[in-house]
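S.K.: Build me a model:
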Amino acid sequence: MNSNTRKVNGDPTNQKKLSLLVDINHAISRTLDLRESLQATLAILEDGYKIKSGAIFLVNEDSKSLSMSASIGYRSDVAKTEYRFGEGLTGRVAETAKPIIVPQVSKEPLFLNRMSSWDTKKDREQTFIGIPITLDYRTLGVLIVNLIYRANRELEADKKFLLLVASALLQPIRVQHVIEQERQKLLNQNVLLKQKLHEEYSFHNIIGNSHEMRDVYEQVAQVARTNTTVLLRGESGTGKELIAEAIHYNSTRSEEPFIRVNCAAIPENLIESEFFGFEKGAFTGAVARKKGRFELAHNGTIFLDEVGDLSAMTQVKLLRVLQEQQFERVGGTETLTVDVRVIAATNADIEALMGSGKFREDLYYRLNVFSIFLPPLRDRKTDILLLADHFMLKYGRQHSKPVKRISTPAIDMLMRYHWPGNVRELENCIERAVLVCEDQVIHSYHLPPTLQTAESSNTQNRLTLTDAVAAYEKELIQDALKSTRGNQAKAARLLDTTERIMGYKIKNYGIDTHRFKE
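M.R.: Numbering: from 1, shown residues only. This is a model prediction of the structure:
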């Protein structure tokens, strides 16, 4: 008994199979490239197991067909071989998820010989073995091998060994599936993100229907589909970056990068390396090559905000890029050519800067090919309420506040204010009001002190208690009239008072009810 056990354990055939399995596992673990892993496995089987030919097929996305992923011992023109589930021996293995052994292929009608692995006139008889690669009763692929026929071949032992090989192949196939799923997920997210960007920066999402803004929309529509350089003029906070984004995402370059550069925020000694990049060792701390903003924006758009703050030296180098679309990285000698559309913006008086010699005339004429002026908010009063409502809903959702409207006195204060900070100041003002609002209505006392001061700048600095109560009572009445569209009886019921008292208060405070009936 002991001598027989030693004989089995010492069987060189079993040792050889174990060695081959170790080699296969090493080959698989060396790379994440699935095809490389599969091809290495077949090469090991050809060299160590003496297979005549072999192939590995993987299930396609339709889960109804197989495509060859790796092969050995066949002609090169079989690389695109496919099988439907149930078609031939390979398709039958995939369909049943069970191994198939054909000792002599000449006697098997299902052996299609589609890959010409056996020449009936020249080749000796051969044996076919097909092994399914399965996971949770689901077929992921099929391993097939062709062996020289021998009458005394232990086919059951061959099947068991190849089942172990198929199990080893399961891991890289699963990893590939996970990688492919993640890749597809990222692609889908990328498509959704691009779609969201297109929707977010559509002209329809820019708030404002004043005459001044309609002129801006018309100009943007005219220039967006071209490659023309655009100069955006206007005070700080008027939305120059938003217009730049609208131009890019409605242009033929919308699928390419949109790179933002705030020229005023970058120190003068760093702006050249930020614009054009640098080579390794160009200066202390340059441990690796870095691409500049122009290189990153290749085929896309670069937005140069606050371009009026550029130094004289940087203006010279920017002029060259605009003229020739060429530059060199800091510390480098290679001339790089880029295809970049430039959109510049400034709130400075460029003409005055040119007059004082602080801005180059030739650069100005290069940038000022198509100029768009964004009007300040004080010149587009009709847009204030639209913008305020938009920001109210935006920050209401963001801060989980059920704010639904702005009271009439608060609207009056917004309309009277001169908005030196333009749309940006209005946005900050409404966000603050939403944060401090405890009900569904933004009242005048929710607005910042700057607006409160602006409203009362032509009156006394301090209110008496009587005046303060009267002002609050007037606001409540106006708010109720707004809710009831000027109906005094409904407004009285809303405030739990009589219609006679309501009429007296309206007359006493000089409230025009007709304005609420529109």
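
S.K.: Quick check: closest non-adjacent residue to residue 426.
M.R.: Nearest residue to residue 426, sequence neighbours excluded (Cβ to Cβ, 6 or more residues apart in numbering): residue 387, at 5.7 Å. For every residue, glycine as well, the C-beta is placed using N, CA and C.

S.K.: count of residues packed around that neighbour?
M.R.: Residues near residue 387, counting by other Cβ atoms under 10 Å, number 19.

S.K.: before we move on, what about the one 3 residues further on?
M.R.: When neighbours are defined as other Cβ under 10 Å, residue 390 has 17 of them.

S.K.: and the helix or strand harbouring it, which residues are buried?
M.R.: Here residue 390 sits within helix 384-398, counting by DSSP states H and E. By neighbour count on 16 or more other Cβ atoms under 10 Å, the buried set for helix 384-398 is 384, 387-392, 395-396.

S.K.: try stretch 488-498
M.R.: Going by neighbour count (16+ other Cβ under 10 Å), the buried part of stretch 488-498 is 488, 490-492, 494-495.

S.K.: do stretch 474-492 as well
M.R.: Those would be 474-484, 486-488, 490-492, for stretch 474-492 by 16+ other Cβ under 10 Å.

S.K.: what's the span of it, first residue to last?
M.R.: 13 Å (Cα to Cα, to the nearest Å).

S.K.: Counting only helices, which of the buried residues of stretch 488-498 make the cut?
M.R.: With helices taken from DSSP state H, the overlap with the buried residues of stretch 488-498 comprises 488, 490-492, 494.

S.K.: wait, is residue 228 part of a strand?
M.R.: No: per DSSP: H, G, I helix; E, B strand; the rest coil, residue 228 lies outside any strand segment and is coil.

S.K.: wouldn't it be in contact with residue 370 here?
M.R.: Yes: contact criterion Cβ atoms under 8 Å: residue 228 and residue 370 qualify, at 5.0 Å.

S.K.: Point out where the chain drops to low pLDDT.
M.R.: Where the chain drops to pLDDT under 70, the residues are 1-12, 120-121, 194-205, 453-463, 518.

S.K.: how does it look with 80?
M.R.: Within the chain, the stretches with pLDDT under 80 are 1-13, 62-63, 75-79, 112-123, 187-205, 452-464, 468, 516-518.

S.K.: Scan it for its longest helix.
M.R.: The chain, longest helix under DSSP H: helix 155-200.

S.K.: Next secondary structure element downstream of that one?
M.R.: Next element after helix 155-200 (DSSP H and E): helix 211-224.

S.K.: my guess is residue 402 contacts residue 442, does it?
M.R.: No: in this structure residue 402 lies outside contact range of residue 442 using Cβ under 8 Å: 11.8 Å.

S.K.: burial of residue 22, as a residue count?
M.R.: Residue 22: 12 neighbours (other Cβ under 10 Å).

S.K.: my guess is it is in a helix, correct?
M.R.: Yes: counting by three-state DSSP, residue 22 is found in a helix.

S.K.: all helices for the stretch 401-518 of the chain, in order.
M.R.: 408-416, 422-436, 449-456, 465-483, 488-494, 499-509 (DSSP state H, counting those that start in this stretch).

S.K.: what's in contact with the shortest one?
M.R.: What it means is helix 488-494. 477, 480-481, 483-484, 498-499, 501-503, 506, 513 (Cβ atoms under 8 Å, 6 or more residues apart in numbering).

S.K.: Out of those, the closest to residue 323 would be?
M.R.: Closest approach between those and residue 323, by Cβ to Cβ: residue 483, at 61.6 Å.

S.K.: which ones are touching the closest one?
M.R.: Counted by Cβ under 8 Å, 6+ apart, residue 483 has contacts 491, 494.

S.K.: any idea how far residue 438 is from it?
M.R.: To residue 438, residue 483 is 18 Å away according to Cβ to Cβ, to the nearest Å.

S.K.: circling back to that earlier point, reformat the helices of the stretch 401-518 of the chain as JSON lines; add distance to residue 96.
M.R.: Formatted as JSON lines, the helices of the stretch 401-518 of the chain follow (distance: least, Cβ to Cβ, whole Å):
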{"stretch": "helix 408-416", "distance to residue 96": "74"}
{"stretch": "helix 422-436", "distance to residue 96": "64"}
{"stretch": "helix 449-456", "distance to residue 96": "78"}
{"stretch": "helix 465-483", "distance to residue 96": "73"}
{"stretch": "helix 488-494", "distance to residue 96": "76"}
{"stretch": "helix 499-509", "distance to residue 96": "86"}
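
S.K.: From residue 299, how far out is the residue nearest to the spatial centre of the chain?
M.R.: By Cα atoms, centre = their mean, the chain has its centre lying nearest to residue 193, at 4.0 Å. Using Cβ to Cβ, residue 193 is found at 18 Å from residue 299.

S.K.: before we move on, what about residue 378?
M.R.: 39 Å.

S.K.: same thing with residue 117?
M.R.: From residue 117 to residue 299 the distance is 48 Å (Cβ to Cβ).

S.K.: again, but for residue 331
M.R.: Using Cβ to Cβ, we find residue 331 at a distance of 25 Å from residue 299.

S.K.: again, but for residue 40
M.R.: 39 Å.

S.K.: out of these two, which sits in the busier spot?
M.R.: Each of residue 40 and residue 299 has its neighbours counted (other Cβ under 10 Å); residue 40 has more, 19 against 12.

S.K.: so what's the nearest residue to the more buried one once chain neighbours are set aside up against?
M.R.: Closest residue in space to residue 40, ignoring its immediate chain neighbours: residue 27 at 3.9 Å, by Cβ to Cβ, 6+ apart. By Cβ under 8 Å, 6+ apart, the contact list for residue 27 reads 37, 40-41, 44.

S.K.: can you put the residues you listed in a markdown table and add distance to residue 243 and secondary structure?
M.R.: Putting the contacts of residue 27 into a markdown table (distance: Cβ to Cβ, whole Å; DSSP: H, G, I helix; E, B strand; the rest coil) gives the following:
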| residue | distance to residue 243 | secondary structure |
| --- | --- | --- |
| 37 | 52 | helix |
| 40 | 56 | helix |
| 41 | 58 | helix |
| 44 | 62 | helix |
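
S.K.: Just send those residues back as CSV, with distance to residue 464 too.
M.R.: Shown next, in CSV, are the contacts of residue 27 (distance: Cβ to Cβ, whole Å):
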residue, distance to residue 464
37, 86
40, 92
41, 92
44, 97
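
S.K.: Would you mark the buried spots in stretch 18-34?
M.R.: 20-21, 23-24, 27-28, 34.

S.K.: what's the spacing between the spatially closest residue to residue 509 that is not a sequence neighbour and residue 186?
M.R.: Counting by Cβ to Cβ, 6+ apart, residue 509 lies nearest to residue 474, which is 4.7 Å off, once chain neighbours are set aside. Relative to residue 186, residue 474 is positioned 58 Å away (Cβ to Cβ).

S.K.: just checking, residue 144 is part of a strand?
M.R.: Yes: read with three-state DSSP, residue 144 is one of the residues of a strand.

S.K.: so where does residue 54 fall, helix or strand?
M.R.: If you go by DSSP H and E, residue 54 is part of strand 53-59.
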